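Asks: structural data only, the sequence is not supplied:
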């Protein structure tokens with residue numbers, strides 16, 4: 001048996017942050033799907049709806065920065081949300097090249113209905129940690145994202 005297929009491989013991978021972060025992301029996606037599947041909204045769509053609700057009229061490019069996705073992905077996801085009647089886009093009066101995003105009444109209603117379910121998925125993601133460690137874990141994640149933000153394909157605009 002070589003090193004790649006040996007029983008110790010998991011032990012090697014278990015010490016690689018990238019591997020663990022990817023696995024935790026997969027776990028969170030599964031928890032989100034379980035908690036929010038009935039709504040037919042992905043975590044990225046939920047993030048976009050959340051930002052659109054919190055910042056009405058934000059332009060599409062700025063929203064991509066807020067959510068941390070590239071512009072092409074943002075345009076595609078917004079088109080899907082718009083077809084479902086959850087957001088509407090309009091041209092900016094000051095610059096017709098800018099598309100402004102507004103969550104619709106239906107989008108706001110959906111966010112309200114989803115809120116408890118989405119929070120449950122987030123809480124379940126970190127539930128195995130003792131309560132005293134949860135805040136420290138989130139703080140550590142924020143520090144890591146802030147430190148490497150410019151390396152991402154769609155850097156977040158951090159406050």
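Replies: That came in fine, so what should we check first? On a predicted model such as this, the values are computed, not experimentally measured, just so you know.

Asks: from here on, just use CA atoms for contacts and neighbour counts.
Replies: Noted.

Asks: quick one: the strands in this protein?
Replies: According to DSSP state E, the chain carries its strands in the segments 58-59, 87-91, 99-103.

Asks: by how many degrees do the second one and strand 99-103 diverge?
Replies: Same thing as strand 87-91. Strand 87-91 and strand 99-103 are oriented at 150 degrees to each other (axes from the mean of the first three to the mean of the last three CA atoms, to 10 degrees).

Asks: strand 87-91 - contacts with which helices or strands?
Replies: On a contact count with 3 or more CA pairs under 8 Å, 6 or more residues apart in numbering; DSSP states H and E, strand 87-91 meets helix 71-83, strand 99-103.

Asks: of all these, which lies closest to residue 51?
Replies: Closest approach to residue 51 among those is made by strand 99-103 (8.9 Å; CA to CA).

Asks: just the pLDDT at residue 102, thanks.
Replies: The model reports residue 102 with a pLDDT of 97.

Asks: how many other residues sit next to it?
Replies: For residue 102, the count of nearby residues is 23 (other CA atoms under 10 Å).

Asks: low-confidence ranges in this protein?
Replies: Flagging of the chain using pLDDT under 70 yields the residue ranges 1-7, 10, 153-159.

Asks: do that again at 80, thanks
Replies: Low-confidence segments of the chain, defined by pLDDT under 80: 1-11, 150, 152-159.

Asks: circling back to that earlier point, tell me the most buried of the helices and strands packed on strand 87-91?
Replies: Ranked by mean neighbour count under mean count of other CA atoms under 10 Å, the helices and strands packed on strand 87-91 are led by strand 99-103, which reaches a mean of 23.

Asks: hmm, who's touching that strand?
Replies: For strand 99-103, contacts defined as CA atoms under 8 Å, 6 or more residues apart in numbering pick out 49, 52-53, 56-60, 86-92.

Asks: can you select the buried ones among the residues you listed for me in PyMOL?
Replies: Provided next is the PyMOL selection string for whichever of those are buried by 16 or more other CA atoms under 10 Å:
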select buried, resi 49+52+53+57+58+59+60+86+87+88+89
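
Asks: which of the contacts of strand 99-103 sits closest to residue 120?
Replies: For these, the residue nearest residue 120 by CA to CA is residue 49; the value is 17.6 Å.

Asks: quick revisit: reformat the strands of the chain as a markdown table; add distance to residue 66.
Replies: Output for the strands of the chain, formatted as a markdown table (distance: least, CA to CA, whole Å):
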| stretch | distance to residue 66 |
| --- | --- |
| strand 58-59 | 10 |
| strand 87-91 | 16 |
| strand 99-103 | 13 |
